[in-house]
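A.B. asks: no sequence for this one, just the structure:
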């Protein structure tokens, strides 16, 4: 069984290879790619591979650009930290959609699904019931629904839909309440919030210090040096500025 791995994070790439070597010793990794261009070259070099393991966000763009070049009818296990591409992934012979951080047991489950669907039946078509099952699972992905917060000596719960944005200041992370000027301390870093706890279809990290809730967004305006300034349903003086390097991706996100 021959496969290719498209993954732009070296550590993640190495972990996938180690899992394959340990749990699927008869599988042969023919090559790896970190970018769209490298992936296209590999597919042209090895057009008869049996399986692709593919991170959606590669170094130079989304992996879907790879499959726009030619009609590669190869089963794919997609890897990603985000769930908003689930529907689009099933336009490209998706066998499974594995969310990061990557767990070995979850990847092995995807391998088993591939073996059942493709190796046994020699058929890469995906049953619509399987698509729905994956989407149902994604809808129960464990994103946080509320946060335990601190304001002075008080401990309060704040529902996720009450939060206008999160921000870091002097190594302390606060959440800002929609419709007021109140802020509350939480015991998580912005990295933890972004990568593990917040629904990426609802929350976006606009710069190193701020993650905003799209439900709280009122308007946005052009700002200095190609940046954007956002206005949300919260009373405060903090400037919510989208970093220049994130403006394009932010516009795509807000327009999804």
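C.D. replies: Perfect, I can see it now. This one's a predicted model, so the numbers in the text were calculated from it and none came from an experiment.
A.B. asks: Going along the chain, name the helices of the stretch 51-200 of the chain.
C.D. replies: 64-69, 86-89, 104-114, 128-138, 190-192 (DSSP state H, counting those that start in this stretch).
A.B. asks: who does the first one touch, helix- and strand-wise?
C.D. replies: Put plainly, it is helix 64-69. For helix 64-69, the elements it packs on are helix 36-45, judged by 3 or more C-beta pairs under 8 Å, 6 or more residues apart in numbering; DSSP states H and E. Where C-beta positions appear, they are placed from N, C-alpha and C, glycine not excepted.
A.B. asks: quick one: buried residues of the helix it packs on?
C.D. replies: Neighbour-count burial for helix 36-45, with 16 or more other C-beta atoms under 10 Å as criterion, is recorded at 36, 38-40, 42-43.
A.B. asks: residue ranges with poor pLDDT in the chain?
C.D. replies: 69-72, 82-92, 119-142, 151, 153-154, 237, 256 (pLDDT under 70).
A.B. asks: Mark out where each domain of it begins and ends.
C.D. replies: Split into domains by automatic domain parsing, the chain comes to 2-138, 146-254.
A.B. asks: From start to finish, how long is the last one in a straight line?
C.D. replies: If I follow you right, that is domain 146-254. Domain 146-254 has an end-to-end distance of 23 Å (C-alpha to C-alpha, to the nearest Å).
A.B. asks: now it, how far from the chain's geometric center?
C.D. replies: 18 Å (C-alpha atoms, centre = their mean, to the nearest Å).
A.B. asks: With the first one instead?
C.D. replies: Average the C-alpha atoms of domain 2-138, do the same for its chain, and the two points are 14 Å apart (C-alpha atoms, centre = their mean).
A.B. asks: which parts of stretch 107-118 are buried?
C.D. replies: In stretch 107-118, counting by 16+ other C-beta under 10 Å, buried: 107, 110-111, 113-114, 117-118.
A.B. asks: Hmm, I typed the wrong one, I wanted stretch 203-218.
C.D. replies: 203-207, 209-213, 216-217.
A.B. asks: hang on, the earlier thing: among the buried residues of stretch 107-118, which one sits closest to residue 51?
C.D. replies: Relative to residue 51, the closest of the buried residues of stretch 107-118 is residue 114; by C-beta to C-beta it sits at 6.0 Å.
A.B. asks: which residue packs closest to that closest one, ignoring adjacent ones?
C.D. replies: residue 95 (4.9 Å; C-beta to C-beta, 6 or more residues apart in numbering).
A.B. asks: and the one you found, how many neighbours?
C.D. replies: Look at residue 95: counted by other C-beta atoms under 10 Å, it has 27 neighbours.
A.B. asks: and what of residue 201?
C.D. replies: Applying other C-beta under 10 Å, I find that residue 201 has 13 neighbouring residues.
A.B. asks: Residue 25 versus that one, what's the distance?
C.D. replies: 38 Å (C-beta to C-beta, to the nearest Å).
A.B. asks: Same question for residue 236.
C.D. replies: From residue 236 to residue 25 the distance is 57 Å (C-beta to C-beta).
A.B. asks: Have a look at these two and say which one is more surrounded.
C.D. replies: Neighbour count, other C-beta under 10 Å: between residue 236 and residue 25, residue 236 has more, with 16 against 8.
A.B. asks: Tell me how many other residues surround the residue nearest to the more buried one when sequence neighbours are not counted.
C.D. replies: Closest residue to residue 236 apart from its sequence neighbours, by C-beta to C-beta, 6+ apart: residue 181 at 5.2 Å. If you count neighbours by other C-beta under 10 Å, residue 181 ends up with 11.
A.B. asks: Cross-check the contact I'm expecting between residue 181 and residue 174.
C.D. replies: No: counting by C-beta atoms under 8 Å, residue 181 does not reach residue 174; the two are 11.7 Å apart.
A.B. asks: just to revisit the earlier point, which of the buried residues of stretch 107-118 lies closest to residue 48?
C.D. replies: Using C-beta to C-beta, the buried residues of stretch 107-118 come closest to residue 48 at residue 118, 13.9 Å.
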